[in-house]
Structure formats: C-alpha cells, structure tokens
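# Test case, fold it:
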Amino acid sequence: MAETYQLDFERAAEGDEENIVRRRLELFATRSDGSLFSIELTIAPLRLQDTSVFAAFIRDISDRKHMESLQLGQNQILNMVVTGAPLSDTLKEIARFAESLSNYAIHSILQVKATEAALFTPIAPSLPQDDAARLSKIVTIPSDCSDHHELLIISNRDSGLHNSSTYCDTAHAYGLKACAWWPIVGKHNNLLGTFTLYFREARKPDAQETQLARICTHLAGLAIDNRASEEKIRYLAHYDNLTSLPNRFLFREYFDLALKSAKRHSKKFAVFFVDLDKFKEINDTLGHDVGDKVLRVIAQRLRNCLRHTDKIARMGGDEFYVLIEELNNGSHAAEVARKLLKEAARPVHVGKAECHISISIGISIYPEDGCDEQTLLKNADNAMYHAKRGGKNAYRFFSPQAAQIPSNFARS
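Modelled structure (predicted):
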C-alpha cells in the first residue's frame with residue numbers, strides 16, 4: 001500500500017486533505033513474523049516553519065476488532081437459534097465462526113447421544129466427512145461437565161513416536177499435531193457433546209482460543225437444548241404421553257395423506273376402530289396404575305403386528321385407530337385384524353397380577369364405505385359396535401344394513 005499512501009501524502013501536501021488527513025482509518029498492518037493485525041491510523045498535518053509535516057498515530061485495535069467479531073458472530077448464531085434454523089446448520093456456523101477467529105485451528109463439534117455413551121457424526125466444515133469421523137476417534141467423552149479442556153499431543157511420524165492408529169494417519173495428512181476439547185453442557189448440567197480444536201503445532205490453546213471455545217460451547221449448548229425443547233413440544237403435541245403412540249391430531253394428518261394418495265392413485269385403504277373389552281373392570285379392581293401398564297403393553301403389541309407403513313394412534317381412554325394402506329382387498333385387512341386379536345388376547349402380567357383382556361375391531365374400507373374421514377371413521381365405529389354386540393374379541397367389517405348404534409350402548 002506504500003504507493004497509495006505516497007500519493008495521498010503528496011495530495012495532502014498540496015492542500016487536498018480529503019483522503020487520509022484528520023480521519024480515523026481502520027487498516028491492516030504486518031507484524032515482523034508476517035501476520036496481519038488491525039490498526040487505527042490517524043494523520044494530523046503540522047507546520048514547521050514553511051514545511052508541511054504529518055504526524056501519524058497508529059493504534060493496535062486487534063483486541064477491539066476481535067471483540068466486535070465475537071459479538072457479531074454470536075448475534076448471527078443466536079438469531080439462527082431463535083428463528084429455528086436446522087440444528088446442523090447452526091452447529092456448522094458455530095464451527096465456521098470459531099475458525100474465522102482462531103489462530104489457524106480446525107474445529108469440530110460432536111453431539112453425545114442421549115441414551116448411550118456414544119457420539120454422533122462430527123460437524124467439521126473444514127474437513128471431509130470421513131476424515132472428520134476418523135479424527136473424532138481421538139476425542140473421549142468427558143467424565144464430567146466441569147468447565148475444563150483436555151489436551152492431546154498427536155505423535156508425529158518423524159519423531160519416532162508414530163502411532164499407527166487411523167486417526168493419527170489422518171491427523172498427519174492434514175499436518176495436525178495437537179488437539180484440545182471442551183464439554184458442551186446443557187441447561188440442566190447434562191453433557192450434550194464436545195467442542196474440539198485441532199492445531200498444526202504441538203501446543204496448548206492460548207487465552208483467546210480458550211475464551212472462544214467457551215463461547216462456542218455455550219452457543220452449541222443453547223442450540224442443542226433449544227432444538228430438544230422444540231422436539232419435546234412437537235412430541236407432546238402429536239404423541240400420546242402414556243403409550244408413545246401418535247395421538248388423534250397426528251392420526252388426522254396421516255389420514256389426510258392416505259386419503260389424498262388413495263384418490264390420486266385409485267387405491268384402497270382400511271380404517272380400524274379398536275376398543276379394549278372390559279378394560280374398565282381392570283381399572284376398578286386393580287387400580288389405574290395397573291390399567292396404565294396394561295394399556296402400554298397392549299399398545300406395543302398392536303404396534304408390533306403392523307407394517308412400518310401402517311399407522312396406529314391412541315384416541316384416548318382404551319380406543320385406538322389403525323390405518324392400513326396399500327390395500328388390494330379386504331382379505332389383508334382381515335388377516336391384520338386376526339393378528340391384533342391374537343396378540344391382545346395373550347395375558348398381561350403386571351407384578352403378581354395376570355390380566356386377561358381382549359379387543360373388538362370395526363373395519364371400514366375406502367372407497368366402498370366412505371370417501372371422507374368423517375364417514376370412514378363413523379362406519380368403522382359402527383362396525384366395532386357390532387363386534388362387541390356379537391360377543392367381543394372379534395372383528396367386523398362395516399355393513400350398511402346395521403349402521404345404527406343404539407343410544408344406550410356402552411362400549412365396555
């Protein structure tokens with residue numbers, strides 16, 4: 001930039017001071033080791049006798065610019081969290097943010113699985129996915145959630161201490177000689193993952209990198225916790241808390257999709273209305289805790305009888321809906337119904353109690369028994385009534401000749 005400055009000085013000496021004089025300019029300067037840093041340059045004109053002199057004041061503002069970048073990056077990431085950006089995108093942005101502010105380090109974020117001591121595939125924007133996964137083998141899950149970091153010096157092939165591990169070969173290929181990692185901690189002081197820095201020198205992280213790592217682990221913790229909260233809210237809105245089956249609201253979404261697909265492709269599907277027989281007696285004689293356990297067992301047995309493409313939902317109480325798609329004829333629906341009856345009839349053991357229960361099933365078929373949700377569900381309900389009226393522990397297809405339910409009918 002020397003020529004540019006020289007021209008500016010010459011113009012300033014001739015009276016044109018618009019470019020650089022009496023202004024605060026933010027520029028980059030070069031240290032003796034070749035690294036760049038931010039400066040603020042202020043030039044003031046002086047008159048010494050008949051000579052124009054310029055006094056230049058140079059101030060190192062790298063700390064201030066670093067803090068500004070920290071704040072800007074944090075704000076961008078927090079905005080992604082608040083606006084519901086995909087978690088993977090948010091974690092990638094955190095890793096990029098860290099790499100932009102650290103001294104030539106590569107960053108990786110790992111999430112711990114909630115149910116086991118294992119790690120998800122790492123997020124490392126500067127590394128190919130396979131290599132990032134190999135390097136993640138270096139990281140061990142912290143034994144606690146305290147605010148600390150662990151350091152590992154990766155042995156070098158040229159040092160005579162070469163380790164033949166796959167991660168060591170991968171680290172050598174990228175010129176990585178050390179790494180440090182910090183735990184990502186949730187709002188309940190639970191371990192959510194790890195934040196890792198890989199260095200091209202065998203050294204510890206400096207104070208600035210340590211501060212950056214703590215900021216990034218905090219942001220990653222917020223992002224993961226927020227997504228978990230969103231998923232929990234979504235789960236509570238769409239799934240039954242007792243049986244973990246979809247509830248009536250999610251079932252309606254499934255039903256709507258099945259109806260549109262069947263109309264578009266001229267296909268059939270079946271709707272089952274399933275009701276437990278004499279379930280009230282279990283609640284009354286053994287208590288609601290036992291009844292809840294019986295419901296969970298029966299719900300899981302019914303689910304296990306179905307294909308992964310079929311849907312089952314709890315409507316509340318002891319009532320369930322089942323949706324059987326890709327139906328060629330009623331014989332498959334009857335086969336599924338027989339499986340459900342057989343599984344439900346097996347005794348349920350709760351503590352020392354042996355509970356015997358059965359189910360009654362009503363079946364309606366699209367389009368023969370209706371072309372909309374309300375009609376098909378109503379007809380399946382009517383068919384279920386006739387299964388109960390015929391002695392329970394049975395299934396019935398909808399019959400238009402017996403479509404009325406007596407007003408005094410009790411399902412138990």
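# What helix or strand is Asn283 located in?
Using DSSP states H and E, Asn283 falls within helix 279-286.
# Show me what counts as buried in that helix.
By 16 or more other CB atoms under 10 Å, the buried positions in helix 279-286 come out as 279, 282-283, 286. C-beta here means a position set from N, CA and C on the backbone, and glycine is covered the same way.
# Need the residues that contact that helix.
Helix 279-286 is contacted from outside by 290-291, 294-295, 318, 350, 353, 355, 357, 412, using CB atoms under 8 Å, 6 or more residues apart in numbering.
# Ile153 and Ala171 touch, don't they?
No. Using CB atoms under 8 Å, Ile153 makes no contact with Ala171, being 10.6 Å away.
# if you count what's nearby, which of the two comes out ahead?
Higher neighbour count among Ile153 and Ala171: Ala171, with 25 against 14, using other CB atoms under 10 Å.
# State the three-state secondary structure for that one.
What DSSP: H, G, I helix; E, B strand; the rest coil gives for Ala171 is helix.
# got it, and the one 5 residues further on?
Secondary structure state of Leu176, per three-state DSSP, is coil.
# need the contact list for it.
Contacts of Leu176 (CB under 8 Å, 6+ apart): 106, 135, 154, 198-200.
# and those as TSV, adding neighbour count?
Formatted as TSV, those follow (neighbours: other CB atoms under 10 Å):
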residue	neighbour count
Ile106	23
Leu135	25
Ile154	21
Tyr198	25
Phe199	23
Arg200	15
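# Of these, which belong to helices?
Leu135 (DSSP state H).
# Redo the contacts of Leu176 as JSON lines? Include distance to Ile363.
Output for those, formatted as JSON lines (distance: CB to CB, whole Å):
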{"residue": "Ile106", "distance to Ile363": "59"}
{"residue": "Leu135", "distance to Ile363": "55"}
{"residue": "Ile154", "distance to Ile363": "64"}
{"residue": "Tyr198", "distance to Ile363": "60"}
{"residue": "Phe199", "distance to Ile363": "66"}
{"residue": "Arg200", "distance to Ile363": "67"}
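# mind listing which of the contacts of Leu176 are in strands?
106, 198-199 (DSSP state E).
# Of the contacts of Leu176, which is the nearest to Lys260?
Minimum distance to Lys260 across the contacts of Leu176 is 46.2 Å, recorded for Leu135 (CB to CB).
# What distance do you get for the closest one to Glu3?
Distance, Leu135 to Glu3, using CB to CB, to the nearest Å: 45 Å.
# Quick one, grab the pLDDT at Pro205.
What the model reports as pLDDT for Pro205 is 85.
# Tell me the backbone dihedrals of Asp130, please.
For Asp130, the backbone dihedrals (degrees, to the nearest 10) come out as phi -60, psi -40.
# wait, what's in contact with it?
With CB under 8 Å, 6+ apart, Asp130 has no contacts at all.
# Now render the ones in strands among the contacts of Leu176 as TSV, adding pLDDT.
Output for the ones in strands among the contacts of Leu176, formatted as TSV (pLDDT from 0 to 100):
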residue	pLDDT
Ile106	77
Tyr198	85
Phe199	84
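# Save the residues you listed as JSON lines, and put in distance to Gly186 too.
Output for those, formatted as JSON lines (distance: CB to CB, whole Å):
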{"residue": "Ile106", "distance to Gly186": "25"}
{"residue": "Tyr198", "distance to Gly186": "25"}
{"residue": "Phe199", "distance to Gly186": "27"}
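# Buried ones in the longest helix along the chain, by neighbour count?
Counting by DSSP H, the longest helix found in the chain is helix 207-238. By neighbour count on 16+ other CB under 10 Å, the buried set for helix 207-238 is 209, 212-213, 215-217, 219-228.
# how about the nearest residue to Ala228, chain neighbours excluded?
Gly186 (7.9 Å; CB to CB, 6 or more residues apart in numbering).
# now the helices: where do they sit in the chain?
2-13, 62-82, 87-101, 129-135, 166-173, 207-238, 248-265, 279-286, 288-304, 330-345, 373-389.
# so can I have CSV of the ones you listed showing distance to Ile312?
As requested, those are exported to CSV (distance: least, CB to CB, whole Å):
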stretch, distance to Ile312
helix 2-13, 73
helix 62-82, 35
helix 87-101, 29
helix 129-135, 36
helix 166-173, 44
helix 207-238, 14
helix 248-265, 8
helix 279-286, 17
helix 288-304, 6
helix 330-345, 9
helix 373-389, 13
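# Among those, which comes closest to Arg47?
helix 2-13 (11.3 Å).
# what do Ile153 and Ala171 both touch?
With CB under 8 Å, 6+ apart as the test, Ile153 and Ala171 both reach Lys177.
# Just give me the neighbour total for the residue nearest to Ala228.
17.
# Same check on the one 4 residues further on?
Other residues within reach of Asn190, judged by other CB under 10 Å, total 14.
# follow-up on the earlier one: and the angle for the helix holding Asn283 with helix 288-304?
140 degrees (axes from the mean of the first three to the mean of the last three CA atoms, to 10 degrees).
# Give me the distance between helix 279-286 and the centre of its chain.
40 Å (CA atoms, centre = their mean, to the nearest Å).
# Ok, stretch 255-269 next?
From the chain centre to the centre of stretch 255-269 is a distance of 31 Å (CA atoms, centre = their mean).
# just stretch 346-362 next, same as before
That offset, for stretch 346-362, works out to 37 Å (CA atoms, centre = their mean).
# in the stretch 301-412 of the chain, what spans have low per-residue confidence?
Residues of the stretch 301-412 of the chain that meet the criterion pLDDT under 70 lie in 401-412.
# Equivalent analysis for the chain, please.
1, 4-5, 8-9, 12-22, 103-104, 112-120, 139-150, 154-167, 401-412.
# the domain parsing of it - what is it?
2-60, 64-237, 248-402 (automatic domain parsing).
# Quick one: end-to-end distance for the shortest one.
This stretch, domain 2-60, spans 19 Å end to end (CA to CA, to the nearest Å).
# before we move on, what about stretch 235-244?
Terminal-residue distance, stretch 235-244 (CA to CA): 9 Å.
# Also stretch 80-92?
End-to-end for stretch 80-92, by CA to CA: 11 Å.
# residues making contact with that stretch?
77, 93, 109, 111, 123, 125, 219-220, 222-224, 226-227, 230.
# do the same with stretch 224-235
Stretch 224-235 is contacted by residues 81, 84, 87, 111, 184, 186-187, 192-193 when judged by CB under 8 Å, 6+ apart.
# one more time with 10 Å
Residues from elsewhere that reach stretch 224-235 (CB atoms under 10 Å, 6 or more residues apart in numbering): 78, 80-82, 84-88, 90-91, 109, 111-112, 114, 184-188, 190, 192-193, 241, 244, 250.
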